[in-house]
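Novice: Sequence and computational prediction follow.
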Amino acid sequence: MKFIKNSNECIKPIALLTFLLCGFLVGVCGCQQKGSSPPPVPEVTTVTVQPQQVVLTTELPGRTSAYLVAEVRPQVSGIIKKRLFTEGGDVKEGDVLYQIDPAPYQASYDNAKAALARTEANVLPLRLRAERYKELIAEKAVSQQDYDDAAAALKQAEAEVEVNKAAVETARINLTYTRITAPISGRIGKSDITVGALATGHQGSAFATIQQLDPLYVDVLQSTTELLRLQRRLEDGRLHNGGKNQSRVQLIMEDNTTYPLEGTLQFRDVTVDPTTASVVLRVLVPNPKGLLLPGMFLRAVLQEGTSNQAILIPQQAVSRDPKGNPVALLVDGSGKVQQRMIIVDRAIGDKWLVSSGLVPGDQVIVEGVQKVRPGAAVKVVPFQEGETSGAALKKTAPPSPTSN
């Protein structure tokens, strides 16, 4: 009995302590419930969709080619005596590039001139005889046959004169061809023949090649798919021709720098290359400093046209669903979030060009997309162009609660 008495004495303080602890916890919970408030409505920044005028461009690959190309070849045969140009230098039209040994051609020219002089000397007595016989035949002092023979001899001598004149001209031209001149102005490459080598008239291999590099051509490839898409847009009015400005072309070089001078679109080829399913667009580019060389790879930025009702939204406003389709979150008139499927055409700077899915007046969520979902109520904060991500939300975010 003594053991039981001691146990009751120990249980009473424990029960009292438990009662006091429960009362304290109930009081604390009651205070917390009394001071609690509903969670704040999330804030999002939005942009209001407004159509605007945009010049649409496309970037296409291309390669440079010389404006003029001339291969230097001999037109007569002979030994090369001199080379009169510096490889890789600039030459002007008419400059002498090579000198072929002129001695045999000079002799042929002199021989032709001598033959011409001989035939011309023979013409004079034959002409005088024909004239005398013409006067005497009226008096029947000579026979008709004698006159006919004299007249025929004169015509034959005059024909020989013309033949020899042609021979003299041929010999003169051949002598001139011993001096091989530049057919065009431009930059000449390396020489494929040396002094002392034998040149053959009209040979297949060229001595050297001259290229005119200012201006320069850029041949750009455009796929037929892009060409048809552009034509449809122009026909249905979604794009408008930009006039003279549409022929202006900006060039981007291999190191991603912009070429300082603009090119001009000359024409679009009418034949499709079956191996690439593309057509060639030729651009004429000024090259006064020789910065561009034939064969260089460039990217050409061409104007497709002007869209007067283009819809642009910031790129951060567009996300992707599990299937990869672009979606955007909007705020409706009741302040709730809606999800909208859209179709984007291309990126223009830091924005997407939306071809369908949005209409003017829609409020598209730009920032705060991660903390909202469709159907949730949100507080709208206008999006300011040029602000960093989250800057607008930080400006209007309420101060964080502090514990008392």
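Specialist: Cool, the structure landed. Numbers count the residues shown, from 1 in each chain.
Novice: any weak-confidence spans in this protein?
Specialist: Counting by pLDDT under 70, the chain shows low-confidence ranges at 1-38, 236-240, 242-245, 385-404.
Novice: Can you show me the helices along it?
Specialist: Counting by DSSP state H, the chain has these helices, from start to end: 2-35, 103-138, 144-176, 224-235, 391-396.
Novice: how far does the fourth one sit from the chain's center?
Specialist: Yep, that's helix 224-235 we're talking about. In terms of CA atoms, centre = their mean, to the nearest Å, the centre of helix 224-235 is found 18 Å from the chain centre.
Novice: before we move on, what about the third one?
Specialist: Using CA atoms, centre = their mean, we find the averaged C-alpha position of helix 144-176 to lie 61 Å away from the chain's own average C-alpha position.
Novice: got it, and the second one?
Specialist: Average the C-alpha atoms of helix 103-138, do the same for its chain, and the two points are 66 Å apart (CA atoms, centre = their mean).
Novice: Could you pull out the buried residues of that helix?
Specialist: Across helix 103-138, burial judged by 16 or more other CB atoms under 10 Å covers 104-105, 108-109, 112-113, 115-116, 119, 122-123, 126-127, 129-130, 133, 137. (C-beta placed from N, C-alpha, C; glycine too.)
Novice: orientation of it relative to helix 144-176 in degrees?
Specialist: Computed with axes from the mean of the first three to the mean of the last three CA atoms, to 10 degrees, the direction of helix 103-138 lies at 160 degrees from that of helix 144-176.
Novice: for helix 103-138, packing partners?
Specialist: Applying 3 or more CB pairs under 8 Å, 6 or more residues apart in numbering; DSSP states H and E, we find helix 103-138 packed against helix 144-176.
Novice: Can you give me the buried ones in the helix it packs on?
Specialist: For helix 144-176, using 16+ other CB under 10 Å, the buried residues are 147, 150-151, 153-154, 157-158, 160-161, 164-165, 167-168, 171, 174-175.
Novice: Pick out the most distant pair among those.
Specialist: 147 and 175 (42.3 Å; CB to CB).
Novice: right, and residue 194 touches residue 81 too?
Specialist: No. Using CB atoms under 8 Å, residue 194 makes no contact with residue 81, being 11.4 Å away.
Novice: Between those two, which is the more surrounded one?
Specialist: Neighbour count, other CB atoms under 10 Å: between residue 194 and residue 81, residue 81 has more, with 14 against 8.
Novice: Grab the nearest non-local neighbour of the more buried one.
Specialist: For residue 81, ignoring the flanking residues on the chain, the nearest one in space by CB to CB, 6 or more residues apart in numbering is residue 99 at 4.8 Å.
Novice: try residue 314
Specialist: Closest residue to residue 314 apart from its sequence neighbours, by CB to CB, 6+ apart: residue 366 at 5.2 Å.
Novice: ok, the residue nearest to residue 81 - how many residues close by?
Specialist: When neighbours are counted by other CB under 10 Å, residue 99 registers 17.
Novice: Let me know whether it touches residue 84 as I believe.
Specialist: Yes. Here residue 99 lies in contact with residue 84, judged by CB under 8 Å, at a distance of 6.7 Å.
Novice: Can you show me the strands along the stretch 201-350 of the chain?
Specialist: 208-223, 248-252, 263-268, 278-285, 297-314, 318-320, 326-331, 337-341, 343-348 (DSSP state E, counting those that start in this stretch).
Novice: In JSON lines: the ones you listed, plus mean neighbour count and distance to residue 43.
Specialist: Listed next are the strands of the stretch 201-350 of the chain as JSON lines, based on neighbours: other CB atoms under 10 Å; distance: least, CB to CB, whole Å:
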{"stretch": "strand 208-223", "mean neighbour count": "20", "distance to residue 43": "46"}
{"stretch": "strand 248-252", "mean neighbour count": "18", "distance to residue 43": "41"}
{"stretch": "strand 263-268", "mean neighbour count": "16", "distance to residue 43": "49"}
{"stretch": "strand 278-285", "mean neighbour count": "20", "distance to residue 43": "49"}
{"stretch": "strand 297-314", "mean neighbour count": "18", "distance to residue 43": "17"}
{"stretch": "strand 318-320", "mean neighbour count": "14", "distance to residue 43": "19"}
{"stretch": "strand 326-331", "mean neighbour count": "20", "distance to residue 43": "11"}
{"stretch": "strand 337-341", "mean neighbour count": "15", "distance to residue 43": "12"}
{"stretch": "strand 343-348", "mean neighbour count": "13", "distance to residue 43": "26"}
